[in-house]
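Asks: Below is the sequence, then the predicted model.
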Amino acid sequence: MRETTMASELDNRIRVFRAEHRMSQSELADAIGVSRKTISTIEVGRFVPSTVIALKIARHFGVPVEEVFSLNEEGHTS
Amino acid sequence: MFNKSESMPQFIDRFLTRTALGVLLMSFAYGAGAATYLVDDPLHDWLETAQLLLSLGAVAAVLPVFVKLFRLRHGVARVDCGPEGFIAGAFRKAGSHAFTFAFIVLILFEPLSKRWLTDLPTAFFINVLLCLILGVFSGGFFLLSRDDAPEDEFDAGDDDGK
């Protein structure tokens, strides 16, 4: 339950960046040292990545981490 | 060291999945062990054999990947396992759930063993406890790590060379 709530609060644009770079999930996974399943579950919001993975993804695409990940304000309930 | 098509993170995922499979088999083995205290002779022998086979199956499931991981991590060319991925997260979460579940079962067993099931030995309760904890762990892991994410759409096959 908590995982679902956390995941819905975190938006990501990995898929967009992958499309721009014409990159498969496996290629991105190999580039940052995780499995393809990790990338696919991050993309659909099922897995909230660690700071290390988030920073590695952002560095790989050459953008700040805020451009890849952002808080979903609609899903956030304070 | 490992399949050419398999990266280190993929191997770690496989290692954790095989470990969970081994834990599931051990759960069944302890279940069979607990059942031996409740049945008579012909079935008792059969359950003991099943327990032995399940234990051997667990070792066979885990040992090859464990040896491979040990060689990779402590060999001449040490390999970095990388950051914690989805499967490792599911493994850790399943362990946490099983640990919590263990306390609940122990609290339930305390009055049960003192008031109602007094004629059963301590070994029976230990076997049942281990069966339940390991079952919750492995079941939780397979539930948490099930893959329903969509497949990749940007294949390297139509790569234009960038």
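Replies: Structure's in. What do you need? All figures in this text were calculated on a predicted structure; none of them were measured in a lab. Residues are numbered from 1 along each chain as shown, chains lettered A, B, ... in the order given.
Asks: what residue ranges in chain A are flagged as low confidence?
Replies: Across chain A, residues meeting the criterion (pLDDT under 70) sit at A:1-8, A:74-78.
Asks: Show me what the longest helix along it is packed against.
Replies: Ordering each helix of chain A by length in residues (DSSP state H) puts helix A:51-61 first. Applying 3 or more C-beta pairs under 8 Å, 6 or more residues apart in numbering or on different chains; DSSP states H and E, we find helix A:51-61 packed against helix A:25-32, helix A:36-43, helix A:65-68. No exception for glycine: its C-beta is placed from N, CA and C like everyone else's.
Asks: switch the cut-off to 7 Å
Replies: Contact here means 3 or more C-beta pairs under 7 Å, 6 or more residues apart in numbering or on different chains; DSSP states H and E; on that basis helix A:51-61 packs against helix A:25-32, helix A:65-68.
Asks: buried ones in it?
Replies: Neighbour-count burial for helix A:51-61, counted by 16 or more other C-beta atoms under 10 Å in any protein chain shown, picks out A:Ile53, A:Ala54, A:Leu55, A:Lys56, A:Ile57, A:Ala58, A:Phe61.
Asks: Highest mean neighbour count across the helices and strands packed on helix A:51-61, which stretch is it?
Replies: Highest mean neighbour count of the helices and strands packed on helix A:51-61: helix A:25-32, a mean of 20 (counted as mean count of other C-beta atoms under 10 Å in any protein chain shown).
Asks: Is chain B within reach of that one?
Replies: Yes: for helix A:25-32 and chain B, the contact criterion (C-beta under 7 Å from any C-beta of the partner chain) is met by A:Gln25, A:Ser26, A:Glu27, A:Ala29, A:Asp30.
Asks: Just the closest of those residues to chain B, please.
Replies: Of all these, A:Gln25 has the smallest distance to chain B: 4.1 Å, by C-beta to the nearest C-beta.
Asks: circling back to that earlier point, and of the buried residues of helix A:51-61, the nearest to B:Leu63?
Replies: Using C-beta to C-beta, A:Ile53 is the member of the buried residues of helix A:51-61 that sits closest to B:Leu63, with 30.2 Å.
Asks: Give me the nearest residue to the closest one, chain neighbours excluded.
Replies: Spatial nearest neighbour of A:Ile53, excluding adjacent residues (C-beta to C-beta, 6 or more residues apart in numbering or on different chains): B:Pro83 at 5.1 Å.
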